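K.L.:
sequence below, structure please.
(one chain, ligands or ions: 2)
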Amino acid sequence: MNVIWSPQPRQKIFMQRRENEALYGGAAGGGKSDCAIAEALRQVHIPHYRGLILRKTYPQLSEMVDRSHEIYLPSFPDAKYNEQKHSWTFPSGAKIYFGAMQHTKDRTNYQGKRYDFIDFDELTHFTWDEYSYLFSRNRPNGPCTRCYIRAQANPGGIGHGWVKERFITPAPPMTPIWDDVKIVFPDGKSEIRRRSRIFVPSSIFDNKILMQNDPEYITRLASLPENEKRALLYGDWDSFSGQVFNEWRNNPDGYITRKNTHVIEPFKIPSTWKIYRGFDFGYSRPFSVGWYAVDHDRRLYRIRELYGCTGTPNEGVRWEPQEIARRIKRIEKEDPNLKGRHITGIADPSIFDESRGESVAAMMERVGIYFEKADNTRIAGKMQIHNRLAFDEGGVPMLYVFSTCKHFIRTVPALVYSQTDVEDIDTTAEDHIYDEVRYIAMVNPINPPPKKYEAIMYDPLQLGQYNFYRQG
Ligand SMILES: Nc1ncnc2c1ncn2[C@@H]1O[C@H](COP(=O)(O)OP(=O)(O)OP(=O)(O)O)[C@@H](O)[C@H]1O
Ligand SMILES: [Mg+2]
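P.N.:
Numbers count the residues shown, from 1 in each chain. Ligands and ions are numbered 1, 2, ... in the order given. Next comes the predicted model:
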C-alpha cells in the first residue's frame with residue numbers, strides 16, 4: 001500500500017485525544033504543523049464538513065499551504081485548491097480553509113461562519129480574545145460531524161501568558177482539565193455542562209523523520225542562547241526569547257530562605273517600614289492595585305494585590321472608581337500588614353484627567369482614597385524593574401513578591417517585547433500590574449547593579465572545562 005502520511009507515535013497520541021480543546025507542543029520541530037494539516041482531513045468524506053487552519057498572518061501560512069499540497073493532492077487527486085480563498089474543496093464537497101488573523105478586528109471576517117474543526121498553528125501568537133472568539137464559530141453545518149479545537153505552540157509570543165495559564169499550569173501534561181460551564185435557559189432553568197482540554201507535549205525528539213532528514217537541526221537548537229534553547233529544544237514554558245524580564249525566578253526552594261527567588265512566603269511587615277499603594281485604573285480592561293513595603297535597604301516587597309479581572313485573561317470587572325476605592329478601604333482596614341498604617345498612594349497620571357468630567361482620582365477621593373501622580377516615563381521605569389529584579393552575589397534581589405500575589409506572578413513574567421518599539425514591552429498583553437509596579441519603582445529609584453567583569457579567556461577547544469594541568 002502506498003502510504004502518503006502516517007502519524008509518528010507522539011502525533012498519534014495527540015490525534016487520539018477526545019477533549020474539546022487540545023494543545024500540542026512546547027518545543028520546536030516536533031511535527032506539530034504537519035499533524036494539524038493531517039488532522040484537518042479527518043472528516044472530509046462528509047459533504048458539509050468545514051475545517052479551518054489559522055496562522056497569525058498569510059505569509060506565515062504559505063509554508064503550511066505548500067505542505068498541504070504535498071499531503072492532500074496525493075490522497076485526493078480531485079481536490080482543488082483556490083488561491084484567492086485559500087481553501088481546499090474535496091470531492092465530497094467538504095472544505096478546508098486556511099485563514100489569518102493579523103489584527104484582533106480581523107476576527108469579524110469569521111463572523112457568521114461555522115467550522116467543525118478549528119486549528120490554531122502557533123497559538124502563542126494569538127491573544128485570548130482572538131482564540132476565544134472562534135469558540136462561537138466552532139459549530140456544525142449539518143449532522144454527524146465532530147466539533148473540536150486543536151492548537152500547536154512554542155513558548156514565547158504575545159499569547160505566552162494565557163496559553164500557559166490555560167493549558168500548562170492547571171495540570172501535568174496529558175492530564176485532562178475540566179471546566180464546568182453553566183447554561184441558563186430562557187425558562188430560568190440552568191444546567192452545568194463540562195468542557196475538557198489537554199496539553200500534549202512534543203519535541204524534536206518525537207520527530208524521528210526530521211531528525212533523519214536534517215540531523216543538524218537538533219544541533220542548531222542546542223546551540224541557541226540558553227533561554228531559547230530551554231524553550232525550543234526542551235519546551236520549557238518558564239523561559240523563552242522575547243521575554244522582557246528574563247531575570248524572573250519563581251523558585252519554591254527559596255520561599256523561606258529568600259535566596260535565588262523573587263517569590264517568597266508572606267511575613268509580618270515591621271512597623272517601621274514604609275507602605276505604598278500603586279494603582280492602574282481599568283474598566284473594560286483589568287485595574288490593578290498593589291501594596292508594597294520598603295525595608296531599610298530600600299528593598300521592595302509586593303505584599304498584597306487587588307486585581308480587577310473577571311477570570312477571563314485581560315478582561316476587566318467594570319467596577320466604578322468609587323467601588324474600587326471602597327474595596328481598597330476595606331482591605332486596608334482588615335489586612336494585618338496594612339491596618340493602622342500610613343499608606344502613600346501612587347497612581348497612573350491619567351486618573352487625574354478632568355477633560356471628560358470628574359476625574360477618577362476625584363471620585364476615589366470622595367470615598368477617602370488618595371493618590372499622588374506617578375512618573376509614567378516608560379523606559380526609565382522598565383530599567384528600574386530590571387535593576388530591582390537583578391540578584392546580588394548572595395542571590396538576593398531588590399524586589400520580592402509574596403506568593404499570594406498570583407496575578408503578578410502570572411502576568412509580569414509573561415510580558416514580551418513590542419514588535420514596533422523594540423525597547424518597550426508589548427502593551428497589547430496584560431500589562432496593568434507591570435504599570436502599577438513601575439509607578440512604585442519610580443518613586444523609589446535605585447542604581448543599576450554593579451556589572452560583573454569576568455575575564456574571558458580565549459579557549460576555542462574548551463580545554464578549561466577539563467581541569468588539565470591543574471593539580472590539587
Ligand atoms: N508524520 C510525518 N510524516 C512525514 N513527515 C513528517 C511527519 N511529521 C513531521 N514530518 C516532517 O517534519 C517536518 C517538521 O515538522 P513540523 O513542521 O510539523 O514541525 P513543527 O513542530 O510544526 O515545527 P515548528 O516548531 O518549527 O513549527 C515536516 O516538515 C515534515 O517534513
Ligand atoms: Mg510548526
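
K.L.:
now do the contacts for the residue positioned nearest the centre of the chain.
P.N.:
The centroid of the chain falls nearest to Gly161 when counting by CA atoms, centre = their mean (1.5 Å). Listed by CB atoms under 8 Å, 6 or more residues apart in numbering, the contact partners of Gly161 are Pro313, Arg410, Thr411, Ala414, Leu415, Ala429, Glu430. The C-beta positions use only the backbone N, C-alpha and C, and glycine is treated the same way.

K.L.:
how much space between the fourth one and Leu300?
P.N.:
Applying CB to CB, to the nearest Å, one obtains 20 Å for the distance of Ala414 from Leu300.

K.L.:
before we move on, what about the last one?
P.N.:
Summarising the geometry, the distance separating Glu430 from Leu300, computed by CB to CB, is 21 Å.

K.L.:
swap in the second one?
P.N.:
Taken as CB to CB, the spacing of Arg410 relative to Leu300 amounts to 19 Å.

K.L.:
who has more neighbours, the two?
P.N.:
Leu300 (24 against 19; other CB atoms under 10 Å).

K.L.:
now that one. Nearest residue, chain neighbours left out?
P.N.:
Leu399 (4.8 Å; CB to CB, 6 or more residues apart in numbering).

K.L.:
which phi and psi does the one you found have?
P.N.:
Note on Leu399: its backbone torsions stand at phi -140, psi 120 [degrees, to the nearest 10].

K.L.:
sec struct for the residue nearest to the centre of the chain, please.
P.N.:
helix (DSSP: H, G, I helix; E, B strand; the rest coil).

K.L.:
now for the contacts of Gly161, which sits with the most neighbours around it?
P.N.:
Within the contacts of Gly161, most neighbours by other CB under 10 Å means Ala414, with 30 neighbours.

K.L.:
what sits against the residue in the stretch 351-472 of the chain that ligand 2 sits nearest to?
P.N.:
Residue of the stretch 351-472 of the chain nearest ligand 2, by CB to the ion: Val416 (18.9 Å). Taking CB under 8 Å, 6+ apart, we find Val416 in contact with Gly156, Gly157, Ile158, His160, Gly242, Gln243, Val244, Ile425, Asp426, Ala429.

K.L.:
what about Ile37, which helix or strand?
P.N.:
Using DSSP states H and E, Ile37 falls within helix 32-39.

K.L.:
now swap in Phe14 and tell me
P.N.:
Counting by DSSP H and E, Phe14 is part of helix 9-16.

K.L.:
C-terminal to that helix, what's the next element?
P.N.:
Per DSSP H and E, helix 9-16 leads on to strand 21-26 as the next helix or strand towards the C-terminus.

K.L.:
can you pull the contacts of Pro349?
P.N.:
Lys373, Ala374, Asn376.

K.L.:
where in the chain is pLDDT low?
P.N.:
451-472 (pLDDT under 70).

K.L.:
any idea how far the closest residue to ligand 2 within it lies from Ala222?
P.N.:
Closest residue of the chain to ligand 2, CB to the ion: Ser33 (3.3 Å). Distance, Ser33 to Ala222, using CB to CB: 21 Å.

K.L.:
same check, this time on Lys105
P.N.:
Taking CB to CB, one finds Lys105 at 40 Å from Ala222.

K.L.:
more neighbours: these two, which one.
P.N.:
Ala222 (12 against 9).

K.L.:
these two touch, right, that one and Tyr234?
P.N.:
No - using CB atoms under 8 Å, Ala222 is not in contact with Tyr234; the gap is 10.0 Å.

K.L.:
before we move on, back to that, leaving out sequence neighbours, find the closest residue to the residue of the stretch 351-472 of the chain closest to ligand 2.
P.N.:
With CB to CB, 6+ apart, the residue lying closest to Val416 is Gly242, at 4.5 Å.

K.L.:
repeat that for Arg150.
P.N.:
Using CB to CB, 6+ apart, the closest residue to Arg150 is Asp119 (4.6 Å).

K.L.:
same for the helix or strand hosting the one you found, what does it pack against?
P.N.:
For Asp119, the element it lies in under DSSP H and E is strand 117-120. Contacts defined by 3 or more CB pairs under 8 Å, 6 or more residues apart in numbering; DSSP states H and E place strand 117-120 against helix 32-39, strand 50-55, strand 148-153.
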